[in-house]
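Trainee: got a predicted structure here, sequence first:
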Amino acid sequence: MAHDVSLITTIAAAFGFALILGFVAERLKMPALVGYLLAGILIGPATPGFVADINTASQLSEIGVMLLMFGVGLHFSLGDLLSVKRIALPGAVVQMSLATALGTGIGWWWGWDLGAALIFGLSLSCASTVVLLKALEARGILESMNGRIAVGWLVVEDLATVLILVLLPPLAGVLGGTGGPVEGAAPLWQTIGKTLFQVAAFIALMLIVGRRALPWLLWQVARTGSRELFTLAVIASAISIAYGAAQLFTVSFALGAFFAGTVMRNSEFSHRAAEESLPLRDAFSVLFFVAVGMLFDPLVLVEKPGHVFGTVAIIIVGKSIAALALVLTLRYPLNTALVVAASLAQIGEFSFILAGLGMSLGLFSQEGMSLVLAGALISIALNPFVFAAVTPFRNWALKRSELARNLECREDPYAELPTSTEGKYLAGQVVLVGFGRVGRRIADALSELGIPYVVVEQNRELVDTLRKRGGAAVSGNAADPAVLIQAHIAHAAMLVIATPDTINVRQMSDTARTLNPAIEIVLRTHSEDEAALLDKEGIGTVFFGEEELAKGMTNHVRQRFSPQLTAADS
């Protein structure tokens, strides 16, 4: 009996080649995403040998887009974005505008029409969050202030790109595509208004109904105790909402899946939902990148080398210089500017989604898609080297340039306590390093006990908020002696390090002891080995998270059973 096995063949070839080339890419210290794109090129129609079914791959990639955007929404945190809003919001908007202008300009210079040039510029303006997170994690700076700024910046880019995905279809006709209004259709402003109304209606439905219905559904499924049913509920919600949004509200699959993730994030099962759906999300994300690679024509590297060079130059040089200038203009130090610039020197998944939508609307050509893919492949492959060059370049610039030294040590109004600070914060106080989840709870307890404290925090927005509430806070890295001096560590009674920064904790402690030999130091750690090592070195009183949690729960149980234990002893 004959069977059509094009689906099985496509999936088998995609996963097989993606595994091999992804492994090779990782061994070469490049993101596995490069290998996935190369796998798509290998099984695509532009290379000899086996050719996978591109229509099947296209539908699989749509599922990949849904699950990819669902994952983005599931991890989207408005609080994290607001914590760096002063730099991320204006920086991302201006940088995207400049990069879009560069891409549109060079596309126009190449003789493209306005629609194709604009899609090209927009595709080059948004960096890959996936690539960025891997780069920051590899260097251990994801939780640092510079890492949070870079991630917040890309979150704003993602949100802006989602808005572009919404507005592009109704604007397609004006830009020269096939998806716009036809003769006798409603005016453009009515079309855009209708589109925005449908999007607003969908968002309202998700926030009002979805916010209650999805957590309730997950709770009911979780009560069955079936892991596979819970995973099925998460995946079914993501894909069904994305499909329903497209059918009922003419909203893109990507936007529907994104809001499904953001709504599910509000559930108490959000962490489990992310964990359970991760394998399937990863698998279909691989298929998405493979399907994108199938659209790449390697001949563009030979036939249009100047175009490829121009594309890569905009991504790596143009975007980086724009970001560097913007961050410095916003009065952040040189180190932060260099990290953000390196973070943006690549493009990825949203660029492919935008370019693919442009092709479906008749705005973008196969040549343009190949250039975007070439730019993505080269920029992603070079991004680890760009990141690796940040520290040597910074050190070189600081040694040879007075301007660089001035930019590194910017005058920051939050870097020292105001002259009006009360005396109780200047002597006998607690210096609290870090104002995250742990730091906030410690600060609340100190306030209830009437113990004065000074917060040292790298996030200037948090420092500003604390000062507006009447608190004492300084901005900076506590590993820098100048920062601890501004917190009046020399006259403090105690240093509490509430940040899990195991790299700088010893430097913080040594600096504090040098400035104040009698100071008591209290610190936290998430590692049992690290806790034992710190305790052995006698740095201070060490609190190990899991141990303290166990003690707290044990004390609760002991108090609950204390009457029975007392009766038994008697």
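Mentor: Sure thing, it's come through. What you see is a predicted model; the values in this text were computed from it and never measured. Numbers count the residues shown, from 1 in each chain.
Trainee: give me the pLDDT for the spatially most central residue of the chain.
Mentor: In the chain, the residue lying closest to the centroid (CA atoms, centre = their mean) is residue 151, at 4.0 Å. pLDDT, residue 151: 77.
Trainee: how far does whatever helix or strand residue 320 lives in sit from its chain's centre?
Mentor: Using DSSP states H and E, residue 320 maps to helix 319-329. In terms of CA atoms, centre = their mean, to the nearest Å, the centre of helix 319-329 is found 19 Å from the chain centre.
Trainee: still on that earlier bit, just confirm the residue nearest to the centre of the chain is within a strand.
Mentor: No: under DSSP: H, G, I helix; E, B strand; the rest coil, residue 151 sits outside any strand and is assigned helix.
Trainee: mind checking how far the nearest residue to residue 26 once chain neighbours are set aside is from residue 131?
Mentor: Leaving out its chain neighbours, the residue that sits closest to residue 26 by CB to CB, 6 or more residues apart in numbering is residue 32, at 5.3 Å. Backbone N, C-alpha and C define where each C-beta goes, glycine included. Here the criterion is CB to CB, to the nearest Å. By it, residue 32 lies 10 Å from residue 131.
Trainee: now swap in residue 416 and tell me
Mentor: In terms of CB to CB, residue 416 sits 37 Å off from residue 131.
Trainee: who has more neighbours out of these two?
Mentor: Under the neighbour definition other CB atoms under 10 Å, residue 416 and residue 131 were set side by side, and residue 131 has more, 24 against 17.
Trainee: shaky segments in the stretch 151-300 of the chain?
Mentor: Applying pLDDT under 70 to the stretch 151-300 of the chain picks out residues 176-189, 191, 250-252, 266-267.
Trainee: what about the helices in it?
Mentor: 188-205, 211-222, 227-249, 253-265, 270-293, 300-303 (DSSP state H, counting those that start in this stretch).
Trainee: which parts of the shortest one are buried?
Mentor: In this case it means helix 300-303. 300-301 (16 or more other CB atoms under 10 Å).
Trainee: what about the helices of the stretch 151-300 of the chain, which gets the closest to residue 41?
Mentor: For these, the distance to residue 41 is smallest for helix 270-293, at 4.7 Å, taking CB to CB.
Trainee: ranges for the strands of the stretch 351-500 of the chain?
Mentor: 430-433, 453-457, 472-475, 494-497 (DSSP state E, counting those that start in this stretch).
Trainee: to residue 307, which of these lies closest?
Mentor: strand 472-475 (44.6 Å).
Trainee: what's the closest one packed up against?
Mentor: If you count contacts as 3 or more CB pairs under 8 Å, 6 or more residues apart in numbering; DSSP states H and E, strand 472-475 packs onto strand 453-457, helix 460-468.
Trainee: and the one helix or strand residue 306 maps to with helix 319-329, angle?
Mentor: Residue 306 belongs to helix 305-313 when assigned by DSSP H and E. Going by axes from the mean of the first three to the mean of the last three CA atoms, to 10 degrees, helix 305-313 is angled at 30 degrees with respect to helix 319-329.
Trainee: shift numbering so it begins at 446
Mentor: With the count now opening at 446, the last piece we talked about shows up as helix 750-758.
Trainee: in helix 750-758, what counts as buried?
Mentor: 752-753, 755-757.
Trainee: max pairwise distance over the residues you listed: which two?
Mentor: Counting by CB to CB, the most remote pair of the buried residues of helix 750-758 is 752 and 757, 9.8 Å apart.
Trainee: and the protein, what are its domains?
Mentor: With domains defined by automatic domain parsing, the chain comprises 451-838, 868-1006.
Trainee: C-terminal to the helix or strand of the chain with the lowest mean pLDDT, what's the next element?
Mentor: One helix or strand of the chain scores below all others by mean pLDDT, DSSP states H and E: helix 523-527, with a mean of 65. As assigned by DSSP H and E, the chain's next helix or strand after helix 523-527 is helix 530-554.
Trainee: buried set for whichever helix or strand comes after that following helix?
Mentor: Of the helices and strands lying after helix 530-554 in sequence (DSSP H and E), the nearest is helix 559-570. Of the residues in helix 559-570, 560-570 count as buried by neighbour count, 16+ other CB under 10 Å.
Trainee: same deal with stretch 656-672?
Mentor: 656, 659-660, 662-663, 666-667.
Trainee: now swap in stretch 586-596 and tell me
Mentor: Going by 16+ other CB under 10 Å, stretch 586-596 has these buried residues: 586-587, 589-596.
Trainee: please apply the same query to stretch 919-934.
Mentor: 919-926, 928-929, 931-934.
Trainee: next one: the spatially closest residue to residue 551 that is not a sequence neighbour from residue 804, what distance?
Mentor: Distances taken as CB to CB, 6+ apart put residue 755 closest to residue 551, at 5.3 Å, once the chain neighbours are dropped. Using CB to CB, residue 755 is found at 20 Å from residue 804.
Trainee: before we move on, what about residue 874?
Mentor: Using CB to CB, one gets 62 Å for the distance from residue 874 to residue 804.
Trainee: when these two are compared, which one has more neighbours?
Mentor: residue 874 (22 against 18).
Trainee: just the pLDDT for the closest residue to the more buried one other than its chain neighbours.
Mentor: Once flanking residues are discounted, residue 874 sits nearest to residue 897: 4.5 Å by CB to CB, 6+ apart. Residue 897 carries a pLDDT value of 92.
Trainee: doesn't residue 870 make contact with residue 897?
Mentor: Yes: between residue 897 and residue 870 there is a contact under CB atoms under 8 Å: 5.2 Å.
Trainee: give me the common contacts of those two.
Mentor: Taking CB atoms under 8 Å, 6 or more residues apart in numbering as the criterion, residue 897 and residue 870 both touch residue 917.
Trainee: neighbours around the closest residue to residue 775 other than its chain neighbours, how many?
Mentor: Once flanking residues are discounted, residue 775 sits nearest to residue 532: 5.3 Å by CB to CB, 6+ apart. As a burial measure, residue 532 scores 21 neighbours (other CB under 10 Å).
Trainee: also residue 484?
Mentor: 27.
Trainee: list the contacts for it?
Mentor: 459, 462-463, 465-467, 735, 738 are the contacts of residue 484 under CB under 8 Å, 6+ apart.
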